[in-house]
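1. Make a model of this:
(one chain, ligands or ions: 1)
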Amino acid sequence: MVDEKLKAEAARLRDDIERHNRLYYVLDAPEISDAEYDALFRRLQELEESYPELVTPDSPTQRVGAAPSDQFASVRHVYPMLSLGNAMDEDEAVAFDARVKRFLGTGESITYVAEPKLDGLSVELIYEDGVLVLGSTRGDGITGEEVTANLRTVRSIPLKLAGGLIPPLLEVRGEIFINKADFDLLNRQREKGGEEPFANPRNAAAGSLRQLDPAVTAARPLNSFFYAVGRVEGGAPRSQWELLDYMAGLGFKVNPLKRICEGIGPALDYYRDLLQMREGLPYEIDGMVIKVDRFDLRETVGSTSRSPRWAVAYKFPPQQARTVVEMIGVQVGRTGKLTPVAHLTPVRVGGVTVSRATLHNQDEVTRKDVRAGDTVIVQRAGDVIPEVVQVIREKRPKSTVPWVMPEQCPVCSAHVVRVEGEAAHRCTNIACPAQVKERIFHFASRGAMDIEGLGMRTVSQLVERGKVAVPSDLDSLTKEDLLDLDLYADKSAENLLKAIAGAKRSRTADRLLFGLGIPMVGRVGAKLLMGRFQTPADLVNASEEEMLRIHGVGPEIASQVRSFFQESGNLAEAEKLWNIFQPLPVSGSERDDLAGKIFVLTGTLDNYSRDEAKERIEALGGKVTGSVSRKTDYVVAGADPGSKLEKARELGVKVLTEKEFLKLIEK
Ligand code: IVH
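-> Numbering: from 1, shown residues only. Next up is the predicted model:
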């Protein structure tokens, strides 16, 4: 007989460990150190080892190492796990709304709950009297695989429900997935260990959950969100919104981006918001799910044998596509960097046609072993240049050869070198026409001097015909010079000259500095520098130490700026440009009270666009990030703020109204 005292201790340890698990994995708010946690865990293990009768199925020690099964038993879902109908565009989403209204016989707008559609695999968990007793995959929707032991290893899944009112029976449904960052790490580890990397986070999650040895699953960074229920006994919620709250109260992770939408219009707005957020989210989503909120209305609308009529998955356009590499070219950048570029058979990806994809550098080409003739998967993400993700090896034609960087610059034939410790190859000729073109093109670009009409084609011809070799030559261009080019007529030549003249005295000094194209000096760095050193002469004379005193300016930037101006040719050109363009001082230079402060913007502001607000904050020395964390100093909430506001309140981060924000930055 086990001593009652030990029994009580084990029970207390189980509860404590479960609570700390929840604090750590679900709420991201641990109360004890890892070492303290380990001590609790080890004590429980010791007790259970000495007295096996103390082991309970919901003990946290059972998350790992449960007896491996030879194969998975099948589980019949009591309520089938239906799939979702798809909407591929806005019209189809609107048609879904119309159908719901027709079934309800109403013209009034329907309240929906919209959620991100998670790209993982769905599972069902059964809790009896608050204890996890069975976990299964969706399978074909009718029968799934029994993977209880594996699901027990997922840290954010409660083994025991939290909260006061525990239902006698509860079946919850949700998604198991792997965060993008964890996926990258996992794949790097696998590659190091000589294992095949997973193709994407979804496959990695599925592969990890369907392991015969739960200890393997336990070592994988699986995560979860829950969004639905099967059977519930004992007072179920009456709407999706209530349900999500209810599940969160029981200890499940519920996606914080959920939104209540009055009618289809706001749901479509949410879709656009989600598309914007997609890149920055820590996990993969492939669309949005729209669900009728009220459960009684769902009854009326009903389901087909395959999917409910009260919900729809409005998918994002795919971000990846398959195409063929016709050849691999090399692009020379303004610093002489050689970038291999795959020239592709044009293909539609995420709504745009892609015909080029970057291969970054020689190491990347070698790692992925991309060859001319290969069939590849290309990916675009937001505004980022498309890239080749993977080669489909089975489709490789026989005669292909591995790609190597040319030894001579493809533009000027100068010798190509690879600087030690750098991934990049560089052309050694600073007068290389490609570099010259790129430098002038950069100087005129949107983020720099913003000279409209000075695109690559014009720059190319100007350089090739010897009319321009450095940016300051733009000042002496005449109408005749332009009319000499293939592209210009009277009007367009005048317009370009006007644009150049217009850039004088109307651009700020940071744009000019950025336009010089000093390595490492981006728009933000340029702004920080010119905010502190009001005149070009001050910057040129500044020591590295003085630059390092600016919050946000690191040693790489400081040393690049120093060595750039130490080169007499660079200095002379910079001074010429300063005299020609007479840039304005950077308004509102860095403020001590805002330097390094982290801002998050949510909702719409009346006085600024997102980009403008960001620029203002950065000019003052602050930083803008995409998501709220404990490190955030201010959340600026405009009209219709999103979930970031909730998160800020949860974490106790200071929230500013637009008025308060204006007061702060205009102080
Ligand atoms: S609700 C009856 N909500 O989508 C439908 N599903 O095509 C109940 N999914 O198998 C599902 N995120 O794996 C719902 N927020 C979400 C979801 C979601 C992803 C998946 C789920 C399901 C599939 C249906």
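2. Okay, residue 238 and residue 261: tell me how far apart.
-> Separation of residue 238 from residue 261 (C-beta to C-beta, to the nearest Å) stands at 18 Å. C-beta coordinates here come from the backbone N, C-alpha and C atoms, glycine included.
3. Quick one: mean pLDDT over the strand or helix carrying residue 530.
-> Assigned by DSSP states H and E, residue 530 belongs to helix 523-532. Average pLDDT, helix 523-532: 88.
4. Touching that helix from outside, list them.
-> If you take C-beta atoms under 8 Å, 6 or more residues apart in numbering as the criterion, helix 523-532 is touched by 447, 508-511, 513-514, 521, 539, 547, 550-553, 557, 561, 585-586, 588-590, 618-619, 621.
5. Buried residues of it, list them for me.
-> By neighbour count on 16 or more other C-beta atoms under 10 Å, the buried set for helix 523-532 is 524-532.
6. Which helix or strand lies directly C-terminal to it?
-> Next element after helix 523-532 (DSSP H and E): helix 536-541.
7. Check the offset of that following helix from the chain's centre.
-> On the basis of C-alpha atoms, centre = their mean, to the nearest Å, helix 536-541 sits 38 Å off its chain's mean C-alpha point.
8. Please apply the same query to stretch 308-317.
-> Distance, stretch centre to chain centre, for stretch 308-317: 23 Å (C-alpha atoms, centre = their mean).
9. hang on, the earlier thing: identify, from the buried residues of helix 523-532, the entry nearest to the ligand.
-> residue 524 (35.9 Å; C-beta to the nearest ligand atom).
10. and residue 263, how far is that from the ligand?
-> For residue 263, the distance to the ligand (C-beta to the nearest ligand atom, to the nearest Å) stands at 20 Å.
11. what bits of the chain have low per-residue confidence?
-> Low-confidence segments of the chain (pLDDT under 70): 1, 26-30, 63-71, 350-351, 381-384, 587-590.
12. Can you list phi and psi of the most centrally placed residue in it for me?
-> Nearest to the mean C-alpha position of the chain, by C-alpha atoms, centre = their mean, lies residue 280 at 2.7 Å. Per-residue torsions, residue 280: phi -80, psi -10 (degrees, to the nearest 10).
13. Would you list the phi and psi of the nearest residue to it once chain neighbours are set aside?
-> Spatial nearest neighbour of residue 280, chain neighbours left out: residue 626 (4.3 Å); criterion: C-beta to C-beta, 6 or more residues apart in numbering. Backbone dihedrals for residue 626, given as degrees, to the nearest 10, come out at phi -90, psi -20.
14. what about residue 626, neighbour count?
-> 12 (other C-beta atoms under 10 Å).
15. residues contacting it?
-> So residue 626 contacts 277, 280, 600 (C-beta under 8 Å, 6+ apart).
16. of those residues, closest to the ligand?
-> Proximity of the contacts of residue 626 to the ligand (C-beta to the nearest ligand atom) peaks at residue 277, which lies at 14.8 Å.
17. Show me which positions of the strand or helix carrying that closest one end up buried.
-> Per DSSP H and E, residue 277 falls inside helix 264-278. The neighbour-count check on helix 264-278 (16+ other C-beta under 10 Å) flags 264, 266-268, 270-271, 273-275, 277-278 as buried.
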